[in-house]
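**Q** Here's a sequence, model it:
(one chain, ligands or ions: 1)
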Amino acid sequence: MTADPVTASSAAPGAEYADTASAAYQAALQVIESVEPRIAAATRKELADQRDSLKLIASENYASPAVLLTMGTWLSDKYAEGTIGHRFYAGCQNVDVVESVAAEHARELFGAPYAYAQPHSGIDANLVAFWAILATRVEAPGLAELGAKHVNDLSEADWESLRNKLGNQRLLGMSLDAGGHLTHGFRPNISGKMFHQRSYGTDPETGLLDYDKLAAAAREFKPLILVGGYSAYPRRVNFAKLREIADEVGATLMVDMAHFAGLVAGKVFTGDENPVPFAHVTTTTTHKSLRGPRGGLVLAQPEYSDAVDKGCPMVLGGPLSHVMAAKAVALAEARQPSFQAYAQRVADNAKSLAEGFLNRGARLVTGGTDNHIVLLDVTSFGLTGRQAESALLDAGVVTNRNSIPADPNGAWYTSGIRFGTPALTTRGFGAAEFDRVAELVVDVLNNTQPTQASSGPSKAKYTLADGTAERIHAASAEMLAANPLYPGLTL
Ligand code: PLP
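**A** Got it, this is the predicted structure:
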């Protein structure tokens, strides 16, 4: 098995530059220190904190030193609004190379006819996609033509009239408590304001996507856009079925694979589980399971590519050339065979974590996982998600609370904890370590008591039994030491 560039040991790719990277970071931090010591200190502290904690946030990872170093260059100084070969600024010849290489790697890696490497984040990629779909499919008047004020001043009535003027466009996406993302039509997000939205959920018994119900909702609602993809659904999705449903009702299928792009890139999700051949437009982040810099990508079928290509300046500010360069480096890494081995380990480790929980009597949404996410229902521990998240953090286990379907505690306190395996898998954790992680998490939760407030139980307060945090810290320190983060970097 080939090791990967982040956990590079002496035999691994990346080992050859570990000393150089270390020297580069030592020098960079000295320079930063001479200007603003507090930033140098916070940067050093962040590395120490990440080295010392069990990072189980499903949307985070550790990028390689090559990816991180690529972001710290003068490419950042160049303005390059527009697109490759067609910029609103002079002197963009090098940025053209950077963007072309990033797009080429993205096309090759995902087998997409067209790739757009500019979006600054996943939300921006989704906005570009919405714009491109509207621009391609709807003859809509512009804001000025509508006589509209600045968008920030629009009242609900203004939004309603804007929607009407845009032709009452409809969007159907996965509901937030079933695992969808807020940009998939959630009300407080712009996607819920600009579209008439409806959401599909999961089966109340099994927690699984119900394709028949989804098809029935699509037939009744007739959306312009059917959004697939999720942030907290622990299962694979059949994108061939989603495309069939979209075709039947004349919808454009947009899939947001922000969370699982690494599993697509690593060929764990193939056939019907790979969204790229089925979606008209696919969006993603580059920093989650894909293990690149913070950023986004849009992949599109040819009929949408012209509109996507106008993302900047239509939707986006000037491209971050240094980040596009880092995307190119990360995508090149993801095209290596070692990335496929990594992606498979991410999925195998999630299974081990899920089994570890189930064997210790915990309840999981959908009863398990077949991707990189495990969603634990903490109500059986008598806790809210908020209490569990805080208690785990006290013990050095970094997670995030998450709604579960029909959540009795709402979207703020929640009843779930979402776990993800991409980051610790990058560090080298395997099945045995993830089983041990499950044991430690259950230990913390069994030793956490909700605290009663004078007016009923507080959904945020808790006490952790004496000695628990110390015991968990000591146990995880052993595993963390055996799987060091950026081992070549001496900082
Ligand atoms: N789409 C999905 C499915 C996500 O899970 C997320 C982030 O959590 C995003 C989009 C937004 O990504 P970003 O934070 O880069 O804007």
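**Q** Pull up the residues of the stretch 151-300 of the chain that are close to the ligand.
**A** His181, Thr183, Gly229, Ser231, Asp256, Ala258, His259, Thr285 (CB under 6 Å from any ligand atom). C-beta coordinates here come from the backbone N, C-alpha and C atoms, glycine included.
**Q** mind listing what the first one touches?
**A** In other words, His181. Gly122, Met174, Gly229, Tyr230, Ser231, Asp256, Ala258 (CB atoms under 8 Å, 6 or more residues apart in numbering).
**Q** Just give me the neighbour total for the second one.
**A** Think Met174. With neighbours defined by other CB atoms under 10 Å, the count for Met174 comes to 27.
**Q** who are the neighbours of the strand or helix carrying Arg219, in terms of helices and strands?
**A** For Arg219, the host element (DSSP states H and E) is helix 211-221. In terms of contacts (3 or more CB pairs under 8 Å, 6 or more residues apart in numbering; DSSP states H and E), helix 211-221 is packed against strand 170-174, strand 196-200, helix 239-249.
**Q** so how far is that helix off the chain centroid?
**A** Mean C-alpha position of helix 211-221 versus that of the full chain (CA atoms, centre = their mean, to the nearest Å) differs by 27 Å.
**Q** what is the orientation angle of the very next helix or strand once past that helix with helix 239-249?
**A** Next along the chain after helix 211-221, taking DSSP H and E as the criterion, comes strand 225-229. For strand 225-229 against helix 239-249, the angle between stretch directions is 170 degrees (axes from the mean of the first three to the mean of the last three CA atoms, to 10 degrees).
**Q** Looks like Asp377 contacts Gly367 (just checking).
**A** No - using CB atoms under 8 Å, Asp377 makes no contact with Gly367, being 10.5 Å away.
**Q** Which one of the two is surrounded by more residues?
**A** Neighbour tally, Asp377 and Gly367, criterion other CB under 10 Å: the higher count belongs to Asp377, 19 against 13.
**Q** quick revisit: show me which pair in the contacts of His181 is furthest apart.
**A** Using CB to CB, these span at most 15.0 Å, a distance reached by Gly122 and Met174.
**Q** before we move on, the earlier item: among the contacts of His181, which one lies nearest to Ser476?
**A** Comparing the contacts of His181 against Ser476 with CB to CB places Ser231 closest, at 25.5 Å.
**Q** what about that closest one, which SS state?
**A** Secondary structure, DSSP: H, G, I helix; E, B strand; the rest coil: Ser231 is coil.
**Q** What count of nearby residues applies to it?
**A** Ser231: 22 neighbours (other CB under 10 Å).
**Q** same check, this time on Ala411
**A** Ala411 has 15 nearby residues by other CB under 10 Å.
**Q** Would you enumerate the residues in contact with it?
**A** Contacts of Ala411 by CB under 8 Å, 6+ apart are Leu176, Asp177, Ser403.
**Q** All the strands of the stretch 51-200 of the chain, residue numbers only.
**A** In the stretch 51-200 of the chain, the strands defined using DSSP state E, counting those that start in this stretch lie at 54-55, 82-83, 86-87, 114-116, 170-174, 196-200.
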